[in-house]
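1. please find the sequence and the predicted model below.
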Amino acid sequence: MKKLALLFLLVSNFLSSQTWQQLTSILSNTISSNQRFDDVFFLNENLGWAANGYFSEVFKTTDGGTNWISQTTGAALGSSHYFRNIEFLDENIGFLGTLNQKFYKTTDGGTTWSLVTNITPNPVAICGLDCVGTSTVYGCGAYFSPAYIIKSTDSGNTWQYINMSTYADALVEVLFLDENIGFAAGKNPTGGVILKTIDGGTTWTQLYNSNIAGDYVWKLQVLNTNQNIIFGSVEGTAPNLGKLTKSINGGLTWIEHNAPETYTQAVGFLDENHGWMGGHSTGFYETLDGGATWTNTGVGSNLNRIFFIGNTAYASGSTIYKMSSILSNSDFEEQDRVDLKIKVSPNPLSDKLNIKIDFLAEDHILIDLYDSNGKLVKNLIKDDINSAGTKSYTFDFPYSAGTYFIDFHTNTGRQSYKIIKK
């Protein structure tokens, strides 16, 4: 069942009196370079998994997050990985998505993982996963394009690849209410999009478009108590803020509110009005009025996922967070985010833009240019980084004098630089 859509008997009054806290202690394998956990998933209130992205490590808990054990690492699987998401059908069968053309399945609760090799064409990345019912699995990708859905109806034994280029050029989230009715989110050339299918992914309808090129709809939530209420986190582009987009009529119409930061990603609501958002530059911001106003809780950083199950909530970011009345020490230590090492020169510039980036590992990068109002000027480059090292780019800059923003989007997030054209 899906992250954020599952509000099994969620008691709003209980959680509204609680605060988010990090699960703190020492990682079994020390993380020293400060990267985030991209995903957290719980099958019930005790059994859960967490996936660290850049350091490609999977952890498992059987006591609601009090203690965690390391189950596998990218190195143990044989090559470089960025773990993006993790999801389970039951206590044994689960799936692990990466950004490195590798997709894994386990049949023993995560003790061992096998590479899925029977999807044609092989997905370049799995950016979203959802297990629904007893045997149906959906996945989507990629944030750096192309856009596609993968689907299995037999617990991951066989797969269908669905080309989504008609509807989007990038997908990062998939969320299904049952085996046939579901949503996908990402972007197309005109803005961040939310799509809906009622026939298991055969056909799709666009429900929402942010109408700002470069935006992504990053995460989705449908309230289990009222499936007409849908929330989406819209990751914006500098200098604009991101947005909360919300529908109370099943996606027929949408209300937008400014989010706490530009690169907003995580979203989770208890009811129509009370919820939280956060992203690459922020921790938990709380709203009590449906997103019209936000208050910084002072907790958390680099948030990507908020997950509700029963009367407990978890979140993934620079560590794993939990919202409940009693918290014990765990096996996670909060880590700050480290930005890419980027040199942009000259600044101010006249006719050439030079960029030098130090990549620490395999990666993907999108470099886009925006004007001072946040309007997309040009997609400068999409590049696949096959090894660690320094890479240089030079671009002609035949644009009028003024202020511009360069947006860098990689596996570990997004950041922007302001430049001046003389």
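-> Okay, I see it.
2. now do the helices in the chain.
-> 12-16 (DSSP state H).
3. pLDDT below threshold where in it?
-> 1-18, 24-34, 324-339 (pLDDT under 70).
4. just want the most central residue of it.
-> Centrality entry for the chain: nearest residue to the mean C-alpha point is residue 304, 5.2 Å, by Cα atoms, centre = their mean.
5. I'd like to know how far it sits from residue 144.
-> Separation of residue 304 from residue 144 (Cβ to Cβ, to the nearest Å): 17 Å. Glycine gets a C-beta too; all of them are placed from N, C-alpha and C.
6. and for residue 142, nearest residue in space, chain neighbours not counted?
-> residue 125 (3.8 Å; Cβ to Cβ, 6 or more residues apart in numbering).
7. distance of the one you found from residue 386?
-> 14 Å.
8. and those two? which has more neighbours close in?
-> Taking neighbours as other Cβ atoms under 10 Å, residue 125 and residue 386 compare with residue 125 leading, 26 against 10.
9. hmm, residue 391 is touching residue 360, no?
-> No - counting by Cβ atoms under 8 Å, residue 360 is not a contact partner of residue 391; they are 11.9 Å apart.
10. what do these two both touch?
-> Jointly contacting residue 391 and residue 360 under the rule Cβ atoms under 8 Å, 6 or more residues apart in numbering is no residue at all.
11. tell me the contacts of residue 100?
-> So residue 100 contacts 79-82, 125, 362 (Cβ under 8 Å, 6+ apart).
12. ramachandran angles for it?
-> Phi and psi for residue 100, reported as degrees, to the nearest 10, are phi -130, psi 30.
13. and which of the contacts of residue 100 is nearest residue 396?
-> Residue 396 has its nearest neighbour among those in residue 362, at 28.4 Å by Cβ to Cβ.
14. tally of neighbours for that closest one?
-> There are 18 residues near residue 362, going by other Cβ under 10 Å.
15. and the gap between it and residue 74?
-> 10 Å.
16. now for the two: what residues contact both?
-> Contacts common to residue 362 and residue 74, judged by Cβ under 8 Å, 6+ apart, are 80, 82.
17. as a check, name the ranges of all strands in the stretch 201-350 of the chain.
-> 205-209, 216-222, 230-235, 243-247, 255-258, 264-269, 275-279, 282-287, 295-296, 305-309, 312-316, 320-323, 341-345 (DSSP state E, counting those that start in this stretch).
18. centre of the chain versus the third one, how much separation?
-> From the chain centre to the centre of strand 230-235 is a distance of 11 Å (Cα atoms, centre = their mean, to the nearest Å).
19. who's in contact with that strand?
-> So strand 230-235 is contacted by 183, 185, 192, 194, 208, 210, 215-223, 242-247, 250-251, 256, 259, 262-267, 269, 275, 277, 279, 414 (Cβ under 8 Å, 6+ apart).
20. can I get that strand in CSV, CA atoms only?
-> What follows is strand 230-235, C-alpha atoms only, in CSV (Å, rounded to 0.1, in the frame of the first residue of the first chain):
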residue,chain,number,x,y,z
ILE,A,230,-5.4,15.3,-3.1
PHE,A,231,-2.2,17.1,-2.3
GLY,A,232,0.9,17.7,-4.4
SER,A,233,4.3,19.2,-3.7
VAL,A,234,5.4,21.4,-6.5
GLU,A,235,9.2,21.8,-6.8
